[in-house]
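Colleague: heads up, no residue letters with this:
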């Protein structure tokens, strides 16, 4: 009789451990995996909370003690071991719930921060420049050292050089310039996307250059990977990829 009771309680306890590990529901707030929207979770949805798990375990333990053989009582070491497992599992589950709540709050906070960028220009890694409505377009690049000569070549999608801008001597650091959208012949170029390369040298040796793309932010969306910015010329840009705001 003792063996049967112990086996039953242990098997059920294993089920409780399994349920606690696979459950991802909690009472509070969570982020919808499809839309990224914050959703309120009711108490009815939380089936494997730490309190419930502890209550179910204690009921099994009491039943086990009632049905034990007086001549062969339940091993104290086994009870202690199960109690230790319960403490570990409930502690881990509590931490998981805390982390999920923090994740939801951080995602909401990031989206609020990103919304302040609407109407502004952001800089991200890239080498594209968009010519629209005949307005000057801004280029940006970072020089890894002082340069004696710096040339910027604007190219079409086919790779043809449309304009060359001589910036002369430049010091190390971030540089920006306004491109007027005209070719080398002084004629206005068609609207559209162009690329650019920066050639910088010092004493005849190449200077490292990092190019950036600049675009205007139109709106903000919240996705599964965090906030993203919808830009006018570069499509979706992750909020964490923004290097600078203008």
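Modeller: Nice, I can see it. Here the structure is a predicted model, which means the values were calculated and not measured.

Colleague: rest of the way, CA atoms for contacts and neighbours
Modeller: Noted.

Colleague: which helices and strands does the strand ranked longest in the chain pack with?
Modeller: Identified as the longest strand of the chain according to DSSP state E is strand 209-223. The helices and strands touching strand 209-223, judged by 3 or more Cα pairs under 8 Å, 6 or more residues apart in numbering; DSSP states H and E, are helix 76-115, strand 121-125, strand 128-131, strand 137-143, strand 192-202, strand 226-231.

Colleague: pretty sure residue 133 is touching residue 191, no?
Modeller: Yes - counting by Cα atoms under 8 Å, residue 133 does reach residue 191; the two are 7.2 Å apart.

Colleague: between those two, which one's more packed in?
Modeller: Shown here are residue 133 and residue 191; by other Cα atoms under 10 Å, residue 191 has more neighbours (13 against 8).

Colleague: so that one sits against residue 135, correct?
Modeller: No - Residue 191 lies out of contact with residue 135 (Cα under 8 Å); the separation is 9.7 Å.

Colleague: on that earlier part again, lowest-confidence stretch among the helices and strands packed on strand 209-223?
Modeller: The stretch with the lowest mean pLDDT among these is helix 76-115, at a mean of 68.

Colleague: show me the contacts for residue 81.
Modeller: Counting by Cα atoms under 8 Å, 6 or more residues apart in numbering, residue 81 touches no other residue.

Colleague: ok, residue 125 to residue 189 distance?
Modeller: Taking Cα to Cα, to the nearest Å as the measure, residue 125 and residue 189 are separated by 24 Å.

Colleague: an error on my part: the question was meant for residue 181.
Modeller: According to Cα to Cα, residue 181 and residue 189 sit 6 Å apart.

Colleague: higher neighbour count, the two?
Modeller: Taking other Cα under 10 Å, residue 181 and residue 189 do not tie; residue 181 has more neighbours (24 against 17).

Colleague: just confirm the more buried one contacts residue 138, I think it does.
Modeller: No - using Cα under 8 Å, residue 181 makes no contact with residue 138, being 10.1 Å away.

Colleague: so what's residue 246 up against?
Modeller: 120, 121, 122, 123 are the contacts of residue 246 under Cα under 8 Å, 6+ apart.

Colleague: the second one: how many residues sit nearby?
Modeller: Using other Cα under 10 Å, residue 121 is surrounded by 17 other residues.

Colleague: which residues are in contact with the residue nearest to it when sequence neighbours are not counted?
Modeller: Spatial nearest neighbour of residue 121, chain neighbours left out: residue 216 (4.2 Å); criterion: Cα to Cα, 6 or more residues apart in numbering. Going by Cα under 8 Å, 6+ apart, residue 216 touches 118, 119, 120, 121, 122, 231, 232, 233.
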